[in-house]
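[1] Sequence isn't available, so here's the structure alone:
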Ligand code: UDP
């Protein structure tokens, strides 16, 4: 849902220096790109001239201040589409370079939208319409990186509140990297299989709705988030693979799974992971009234994560917390404690494969309806382990951050594991077979 705009911010005027620098950058980039693509345009000029009306189409979008923004698209011959594939699309929008020169568009700004989309932003009073629309926007970048959990209106506000020349150049740089990750959310199937693991292909919102609905219907549900490291573990660890086989929803976590999905022709819809889910889950549960139990991490960490959640969602019901270090003798006591708490959802943060094997065995005995393995989540929200900054997540670099934080523990997972995972995906792609199917 869009951030309510009952108290709309005034359109944010760009400062003089920023506006001047931005304009200079737009014109310089447009002229460079026009020069680079001129031979192509000249080559196809006769083609366009034979039927201008059919081959140069004009669409109307909403420009700055709600003014109409007319932009042309070029219809190249279809054989060029066969040759260039998806790379033809940017070429179809070449006339936008002229709009860059005359100032109707800018390189980075809110996406130019069609009039039918205005409702999504609460109308023209949204501050995004006070800015010149952009060729590239923060929302698009986050879609490419599968971290578009909030609304486009929110991403636009974030951009407008933080924009600067440095920020614009950084967004352009990150866009170049994000383009390499393959398709965004658009074209994906309901579910698919990567390395023998059957994944659901939900958006974050779908997953939240499905969790709340499972509790309402009292359908016991196990949820796992699987990243390339988990796939590597599943291939060599029978117990983990068998446990995952009994999970109801397995979600693709991280940029590695997105790349794998793209390579296998099964695009992953959104990066689903416990850490991004947690604040949204707390918000949903504080509305629905369901309660949460936090099991895992070192002593005191789960309590601190619970305090973080309660400070932001005072209506949230935390049924209990407990550290994830206990002996097999203590398991019965842990189970009885969770059962007595009456928790609806149990988050288990003990790392893969331990947490999934534990949930597979014990969820029923805890009485919780939904059980989820969430890895290092409590460490992040307790504030003990800082999370990678957003700009690094936008270019799929969260793993690099974790590697630098804990090189001793993470080097094998990332520096060796990532390559093994990519090798598996290539074998899978070219043999058309999964290396290992989940054991039943
Ligand atoms: N952990 C635990 N019990 C154990 C082993 C680990 O509670 O017996 C916790 C550990 O303290 C950490 C989490 O499990 O909070 C796993 O973190 P990791 O960074 O491995 O998870 P990831 O998110 O990378 O899967």
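    Thanks, I have it. These numbers come from a predicted model, not from an experiment.
[2] So what would you say the end-to-end distance of stretch 413-422 is?
    End-to-end distance for stretch 413-422, by C-alpha to C-alpha, to the nearest Å: 13 Å.
[3] correction: stretch 221-237
    End-to-end span of stretch 221-237 (C-alpha to C-alpha): 22 Å.
[4] and that stretch, average pLDDT?
    In this model, stretch 221-237 carries a mean pLDDT of 96.
[5] Which of the helices or strands spans residue 60?
    strand 56-62 (DSSP states H and E).
[6] other SSEs contacting that strand?
    Packing partners of strand 56-62 (3 or more C-beta pairs under 8 Å, 6 or more residues apart in numbering; DSSP states H and E): strand 68-74. (Each C-beta comes from the backbone N, C-alpha and C, glycine too.)
[7] one step back: from the chain's centroid, how far away is the strand holding residue 60?
    Strand 56-62 has its C-alpha centroid displaced from the chain centroid by 30 Å (C-alpha atoms, centre = their mean, to the nearest Å).
[8] for stretch 153-163, same thing?
    Centroid separation between stretch 153-163 and its chain, computed with C-alpha atoms, centre = their mean, is 17 Å.
[9] Can you give me the buried ones in it?
    153, 155, 156, 157, 158, 159, 160, 163 (16 or more other C-beta atoms under 10 Å).
[10] Near the closest residue to the third one other than its chain neighbours, how many other residues are there?
    Ranked by C-beta to C-beta, 6 or more residues apart in numbering and with sequence neighbours excluded, the top spatial neighbour of residue 156 is residue 128, at 4.0 Å. Summarising burial for residue 128: neighbours were counted as other C-beta atoms under 10 Å, giving 25.
[11] Could you verify my assumption that residue 128 touches residue 154?
    No: counting by C-beta atoms under 8 Å, residue 128 does not reach residue 154; the two are 10.3 Å apart.
[12] ok, residue 134 - contacts?
    For residue 134, the contact set (C-beta atoms under 8 Å, 6 or more residues apart in numbering) comprises 105, 106, 107, 108, 109, 110, 111, 112.
[13] if you set the cut-off to 10 Å instead, what comes out?
    Applying C-beta atoms under 10 Å, 6 or more residues apart in numbering, one finds that residue 134 lies in contact with 26, 100, 105-112, 140, 156, 159, 168, 171.
[14] Just the ones of the residues you listed in helices?
    Counting by DSSP state H, the part of the contacts of residue 134 found in helices is 26, 100, 140, 156, 159, 168, 171.
[15] Specify which member of the buried residues of stretch 153-163 is nearest to residue 196.
    Among these, residue 155 lies closest to residue 196 (C-beta to C-beta), at 35.4 Å.
[16] Now that closest one: closest residue in space that isn't a chain neighbour?
    The spatial neighbour of residue 155 that comes closest, neighbours along the chain excluded (C-beta to C-beta, 6+ apart), is residue 139 at 4.0 Å.
[17] pretty sure the one you found is touching residue 175, no?
    No: using C-beta atoms under 10 Å as the test, residue 139 is too far from residue 175 to be in contact (11.6 Å).
[18] now the protein, which segments are flagged as low pLDDT?
    1-14, 182-191, 433-440 (pLDDT under 70).
[19] who in this protein is up against the ligand?
    For the chain, the residues in contact with the ligand (C-beta under 6 Å from any ligand atom) are 296-298, 324-325, 349-352, 354, 375-376, 378-379.
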